[in-house]
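J.: Have a look; sequence and predicted model below, questions after that.
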Amino acid sequence: RALIHALVLFMAILEVKSFVHYKSLAVPSAFQLDVVYRKGKGSARIARPRVHRGRLHRVIKSIEYYGQVEGDERRASDVLLNAMRMLLDATTQDKISHVGNLLNTIDIVNGECRPIQERVVTATSIAGLVSISINILTNMLQSSYLPSSKAYVAACSALRQSGRFEDLERFVYDLAEIGTKLDTAIDVVAWNIYLSSLCSSIDNPEDPTLARVWEWMDPNVARREFRVTPDVTSFNILLGGAARVGNKTLVESVWQDLESQIGLEPDIVSYNARLKASFGPEHFDILEEIERVDISPDGYTIDLLSNDLIGAGRFEDLQRLVDQFLVGKSERAKSNALAAFLVTLVQQENIESARNLFERCTLDNPTASSVSPCTRHFNILLDGYSKIAKLSTSKDQLLSIQESLKNSSSTINNLNLDTSKAAALAEGRKLCRKIVSLGVEQDPYTLSSMISLCISSTEIIELMNESTAPLSPPVIRSAITYLGRLGDPSQACRVFDQFAFESNNNRVWNVLLGALSEGAKQGNIVLDMKSAVSCKRSVREGKGISSLVDGLTCADAARTLLSTMNGMRDGLKAPKPNSQSYCLVASALQVESADPSIAMDLFRNATSDGIPADGRFVNALLRCFGGNIEEALKSWKEEIRIACVEYESRARSGAVPNSRRPKKNLIAAYNGLLYVCGRAIRPDIALRVSYAMNKEGLEPNEISLNSYKAGKRHQEKLSGQNDDDDTWGGSWLNFLPKPNMIEQYESLLYIECTRYNPENKRMSKERRVRIIL
């Protein structure tokens, strides 16, 4: 008996701890609301509730032990106990649903005592079986019985997480009604959960919901309508919602109300909402106020202040805030916090400040706030350098850098690049060397990022040989991609042979086709497999595809690989090509002389393989016609358009998203035709194509116009390279109809493809006369 008393006391302590912990997590902060909003892209999208196994275990154990001291008549029935144990063991949603069906067959309302019912409500709410929880609670309220706050708070949280906002609102008002009837206060946590659901769904600064919630912050109104007294969390939820939608006026008004409330003091979450609603120098005033009232900033505070502090040259203040935040935390918590700060700075493109912060907190800081550097930190920095390098440096510049470093004593810093390009490449490569010298453990992501900072194929192979990271499929795909981008498709084929030739996944085959397509765009490089070196870490022997593509141009090699994937090569196994495979091959064939027969053979093979005529593929295919607009139009009318219309009008499973543009595949196909018109320098035909688009209910846009311009630029570039060619030399305009009217036709095409918008600054000085009906 003494043992039973001890167990009951132990479970009661655990239950209280669980309740306190639950209350601390039940209401999301302004930062969490902001994250939910940003992930939902403007709407409060709530994920499926996550089952907290520890809390569920404690609640179910309390059901098992309840009644053993008070008497057997208060014990839970055996069938309910068995169902609860099954719920604890359920690890999938299907199993949880099965337990829910079993619980629906048990008369919990009439067969169990109130305390057991309350525990069942808590357990089912944690598990996501909200309907069962609400049914039990509704019966209690109808019987004028107010359940424990732990039960109805858990139910409110489950309703919010499952997105049942209307049910949550109805339940909160029912609680208020029974609280008024019994003259009992309602737990403010339940009300705060309701407020958070309201504020998270607001996407307009003038939404009347904000004013309604603000009215409820009056303690007299809140007690009269909901039987609660607002606390700091209540004000924080309103502040966070108003700050998220940019209603700065309301934020300041609510802030004044909060400061006037007796017994309530703003906390760091309150100040964070003010920071989010303010800009520039105002941030520094709020920071001084935070330090004056002696409140410790949290991670979100530092995120909000970091960009302005760096912009104002106050990196030391940022470092001081980070140090204060890290002191006293566990090593794991400090490592995660530093990673979060680095991600924020990298996303703000403050890569130099991120690097300085990393080194100050790890390598140069033997204090209580120091952090042990880990692979994750290096990966974040490498990713930042890699993205800047890719955005700032074109393919032609990469090849120019490669040649400059190969033929002279140049360094990255003295090449003809702007500061951002030089810094991204030089500092990123320096960080790579530091990773190697410090012996930092490398993972596949580390190696992939380091590969993206290489400027020659030799560097990539050396890096693969020396790295301690496993050469996983993502690493191999990254290596093949960048070898193609650096103008060495032969080496890309060699790496493919060594590591991916036996793969049945068409993803890596498509990556190789992409590398060949890049090689085709860089002058249709002829593959020389004898010049390609092997990676020392490969154990595979054999030639693979090398013997098939050696001596071919990149465009021919792409066609050969496509035939291999179609099973046309004896003794070689390859996955079946998909739509992307055909699209990449069509992209590679664009650089060859216009041959309608090759383009149509590719289209017919794709159709026989069941590849749909989607916009990307058809657009790339039509570009293979070069400037042969007559054959392109003929093929379009006789075969291609029919397939496009059939694909566009196909039956779709499920609802079509509102964000999807109507007939976007057909628009992309027409844009391919306009590119051919540009190659042919035929704006008159391009204008007719735009009229045809209008007849099909399609609206030509700036992308359509730019497609024509891109084709024209490409043809003019080819004409400049072939001045001796009579076909496309200086006299090519003589072959066009009405050559003196090209500019007039292009002006009409511009009008047809652009809609006048007075808010578009590019059109503000436009002098064209438009007749708008």
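T.: Good, I have the coordinates.
J.: C-alpha from now on. contacts and neighbour counts both.
T.: Noted.
J.: My guess is Tyr750 contacts Ser707. True?
T.: No: using Cα atoms under 8 Å, Tyr750 makes no contact with Ser707, being 11.8 Å away.
J.: what about those two, which has more around it?
T.: Ser707 (22 against 19; other Cα atoms under 10 Å).
J.: Contact partners for the more buried one?
T.: Residues near Ser707 by Cα atoms under 8 Å, 6 or more residues apart in numbering: Asn671, Gly672, Leu674, Tyr675, Gly678.
J.: what about the fourth one, which helix or strand?
T.: Right, the one you point to is Tyr675. Per DSSP states H and E, Tyr675 falls inside helix 664-679.
J.: From the chain's centroid, how far away is that helix?
T.: Relative to its chain's centre, helix 664-679 lies at 29 Å (Cα atoms, centre = their mean, to the nearest Å).
J.: Which residues are in contact with Val346?
T.: Listed by Cα under 8 Å, 6+ apart, the contact set of Val346 reads Ala354, Ile380, Leu381, Gly384.
J.: how close does it sit to Tyr385?
T.: 9 Å (Cα to Cα, to the nearest Å).
J.: Count the neighbours of Thr331 for me.
T.: Not Thr; residue 331 is Glu. 14.
J.: That one touches Val371, doesn't it?
T.: Yes: at 6.9 Å, Glu331 and Val371 qualify as touching, with contact defined as Cα under 8 Å.
J.: just the CA coordinates of the helix or strand just after the helix holding Tyr675, formatted as PDB?
T.: With elements assigned by DSSP H and E, the helix or strand that comes after helix 664-679 is helix 683-695. The C-alpha trace of helix 683-695 is given here as PDB (Å, rounded to 0.1, in the frame of the first residue of the first chain):
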ATOM      1  CA  PRO A 683       9.300  40.300 -86.800                       C
ATOM      2  CA  ASP A 684       6.400  40.200 -89.300                       C
ATOM      3  CA  ILE A 685       5.900  36.500 -88.600                       C
ATOM      4  CA  ALA A 686       6.500  37.000 -84.900                       C
ATOM      5  CA  LEU A 687       3.600  39.500 -85.000                       C
ATOM      6  CA  ARG A 688       1.400  37.000 -86.700                       C
ATOM      7  CA  VAL A 689       2.300  34.400 -84.000                       C
ATOM      8  CA  SER A 690       1.300  36.900 -81.300                       C
ATOM      9  CA  TYR A 691      -2.100  37.300 -83.000                       C
ATOM     10  CA  ALA A 692      -2.400  33.500 -83.100                       C
ATOM     11  CA  MET A 693      -1.800  33.400 -79.400                       C
ATOM     12  CA  ASN A 694      -4.600  35.900 -78.800                       C
ATOM     13  CA  LYS A 695      -7.000  33.800 -80.900                       C
END
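J.: what comes up buried for helix 683-695?
T.: Pro683, Asp684, Ile685, Ala686, Leu687, Val689, Ser690, Tyr691, Met693 (16 or more other Cα atoms under 10 Å).
J.: Which residue, other than its chain neighbours, is closest to the second one?
T.: Beyond its immediate neighbours in the sequence, the residue positioned closest to Asp684 (Cα to Cα, 6 or more residues apart in numbering) is Tyr745, lying 5.7 Å away.
J.: now swap in the third one and tell me
T.: Leaving out its chain neighbours, the residue that sits closest to Ile685 by Cα to Cα, 6+ apart is Cys677, at 6.6 Å.
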